[in-house]
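Student: Mind looking at a prediction? Sequence and model below.
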Amino acid sequence: MTSERNLDDHRFRIPALDDRTLHEAIAGSEWAWVALYRKLHPSVAAYLRSRGASDPEDLTGEVFLQVVRSLPRFSGDAAGFRSWVFVIAHNKLNDERRTRMRHPTELVAEFDEAKPGAVDVENEVLGTMGAERLRKALGRLTQDQADVLLLRIFGGLSLQEAASALNKRLSAVKSLQHRGLAALRRELAPTRIPDESRRNYLYEN
Amino acid sequence: MTENPDPTDQRFEHLLREQMPPPAPDELSDLVYDLRREYAVALPPEVQNRQIAAMVAAGRKAAAGAPGPLRRSLDRYWYRFSQRFIAGSLVSKVVLAASFAAAATTGVAATGHLPSEIQLAVSRAAAGMGVSIPAPEPQAVESQTPEPPPAPKIPAPGAVPSATAPPAPPVPVVGSASPAPTPSTTPSNACAGMIPQASPAPPTRPGNPDLVAAIGELAEEQLQLDALLECLVPPPGNPRPVPAGGLGSAGLSELLERLLKPQA
C-alpha cells in the first residue's frame, strides 16, 4: 500500500458510459458491445471478487453474456444501464452461492508462481497485508451492508439504484450504508497502515 | 422531517461522485481507494479476448432471434394494457371471467361434450340464433335423469333390529287416539311409477282364476241373451219373468224351441 495514489488512475474512477455507445449496443453493433465490456468489466469483476465469488473471472464472463442476450429488451440511459448490469451481476452471484451450497466443493489452495517483475518485496508484503486487512474488514459486514457498500463503490450506483437493485426501501439502504461504514471504520482505524506517499500526493494537489 | 445526514455519509457521497476536494486524506477516502485498487483489476488479456468472443457470438444469436422494434413496442403496449386491464377494477375481472366462461362453454358445446340437459339447452338457444350445435340424443337425456333413491328396506317379520338400525318407534299407550304405526308393505311413492299398480281386484272366488274369469264372461253373455230374449220373444198373454240368475240350460233349450218353432 505504499504506491502513490493517482486520482487519474482508471481504477479509482468509475468509467463513464456515453449514451451513443449504449444505443449502438442496443441496436446490435459489436464494437459497442466490446466497448461496454472493456469499460465495465473491471468494476463487475471487482464487485464479484469483493463479494467472495469462487471464480470471479468466469462469473464476469457469464454476466456479460447475459447482458448481451438481454440488451435488446433494455430501455434507459447510461446510468440506468450501469445499474442494470450490476443487478445482473448481483443475481448471478446469488445463483452461484445457491449452487455452491447445493454442491459444495473442496477448496484447494493455489500458490502463485513468482512473478519476474515482483522485486519490491516491501511493497508486496504491505500490499498483501493491506489486502488481507480489507478482506477481514469486509468480512465483518453483514451480507446486506456489503451489498450496499460494494455496489456503490464499484458500480457507482446511487442510493435509489442500490435500493432498487437489492429490492429494499431507500431508508433501509441508507441505514445499511451508515452502519456498514461505521463498522469498516471501527475495523480499519486501529490497524491502519500509514501511507505517507498518499498523503503527500493529496497535500501537493 | 428534515434530513440531517451524518458527516461520514455526506463525505462518502462526495467521494463516490468524485466531487470531494482533497483537503486531507482520511480513513474513508483511503478505504474507497484501497478497495478499488485492490479489487478493480482488469482481467488478463487472454481471458478478455475469450469472453469478448463468447459475448459477440451470444449477441449475434440473440439478435437473430430478437423481435423487431415494431414487435417490441407492440409487446410493450400489450403488456401495459393487460396489466392495467387485469389489475384495474373488479368489473374488468368479472367481465374477463365471464368471457372466458362463455368461450369455454361454447367450445365444449360445439364438440357436444356438455351434460345432455345443458347441451340440449345450449343447442336450443344457439338454434334460435341460427347457430347449429349438436343436440344430445333422447336416450342420453333420459339416461341422465336422476335415479330415485333406493327403497327403504322392509324388515322381515320378527327380525331383530341391528345395532345400526334406527330405534324402534315408541310403543303407543293403550287407549291413545293415534293408531300404532305398522310397517307398510306397499312400495313407496317413488316406486309407484316403476311397479305397475294393480287395479282393484274384484272379489274373487276360490279356484282357478282363468276358470273364474271364463265363468264370469259366460254369465255376462247369458244376461245379455236373456234381455234380448225378453225383447224379441215376449210370452204372449202370460209374460213370464226371467229368473234373476238367468235362463240356465233349460231356459236356453226353451228359447231355441220357441225360435225354431214356426209362429202360429
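Tutor: Thanks, I have the structure now. Residues are numbered from 1 along each chain as shown, chains lettered A, B, ... in the order given.

Student: Can you name every helix or strand that the helix or strand harbouring residue A:37 contacts?
Tutor: According to DSSP states H and E, residue A:37 maps onto helix A:30-50. Helix A:30-50 sits against helix A:19-27, helix A:56-70, helix A:78-102, helix A:143-155, helix B:27-39, helix B:45-65, with contacts defined as 3 or more Cβ pairs under 8 Å, 6 or more residues apart in numbering or on different chains; DSSP states H and E. Every C-beta, even on glycine, is put in place using the N, C-alpha and C of the backbone.

Student: show me the contacts for the residue nearest to residue A:90 when sequence neighbours are not counted.
Tutor: Spatially, and ignoring its direct neighbours in sequence, residue A:90 is nearest to residue A:165 (6.1 Å; Cβ to Cβ, 6 or more residues apart in numbering or on different chains). Shown in contact with residue A:165 (Cβ atoms under 8 Å, 6 or more residues apart in numbering or on different chains): A:83, A:86-87, A:90, A:151, A:157.

Student: Without its sequence neighbours, what residue ends up closest to the residue nearest in space to the middle of chain A?
Tutor: Geometric centre of chain A, nearest residue: residue A:47, 2.5 Å, by Cα atoms, centre = their mean. In space, and not counting its chain neighbours, residue A:47 is closest to residue A:154: 4.3 Å by Cβ to Cβ, 6+ apart.

Student: Now do the contacts for the one you found.
Tutor: Contacts of residue A:154 (Cβ under 8 Å, 6+ apart): A:14, A:43-44, A:46-47, A:50, A:86, B:35-36, B:39-40.

Student: domains of chain A?
Tutor: Domain ranges of chain A: A:16-105, A:133-205, per automatic domain parsing.

Student: Could I get the ones you listed in a markdown table, plus columns for distance to residue B:126 and mean pLDDT?
Tutor: Formatted as a markdown table, the domains of chain A follow (distance: least, Cβ to Cβ, whole Å; pLDDT from 0 to 100):
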| stretch | distance to residue B:126 | mean pLDDT |
| --- | --- | --- |
| domain A:16-105 | 45 | 88 |
| domain A:133-205 | 51 | 80 |
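
Student: Figure out which of those is closest to residue B:253.
Tutor: domain A:16-105 (118.8 Å; Cβ to Cβ).

Student: Pull the contacting residues for residue 59.
Tutor: Just so you know, I chose chain A. A:48, A:53, A:89, A:92-93, A:96.

Student: my question was about chain B
Tutor: Applying Cβ under 8 Å, 6+ apart, the residues contacting residue B:59 are A:28, A:30, A:33, A:68-69, A:71.

Student: which of the residues you listed tops the neighbour count?
Tutor: Most neighbours among the contacts of residue B:59, by other Cβ atoms under 10 Å in any protein chain shown: residue A:68, with 25 neighbours.

Student: which residue packs closest to that residue, ignoring adjacent ones?
Tutor: residue B:59 (4.0 Å).

Student: Residue A:148 now?
Tutor: Sequence neighbours aside, residue A:176 is the residue nearest to residue A:148 in space, at 4.6 Å (criterion: Cβ to Cβ, 6+ apart).

Student: Chain B versus that neighbour, what's the distance?
Tutor: Remark: distance between residue A:176 and chain B (Cβ to the nearest Cβ, to the nearest Å) = 11 Å.

Student: just residue A:72 next, same as before
Tutor: Counting by Cβ to the nearest Cβ - residue A:72 and chain B are separated by 4 Å.

Student: State the distance from that residue to residue A:38.
Tutor: Separation of residue A:72 from residue A:38 (Cβ to Cβ, to the nearest Å): 21 Å.
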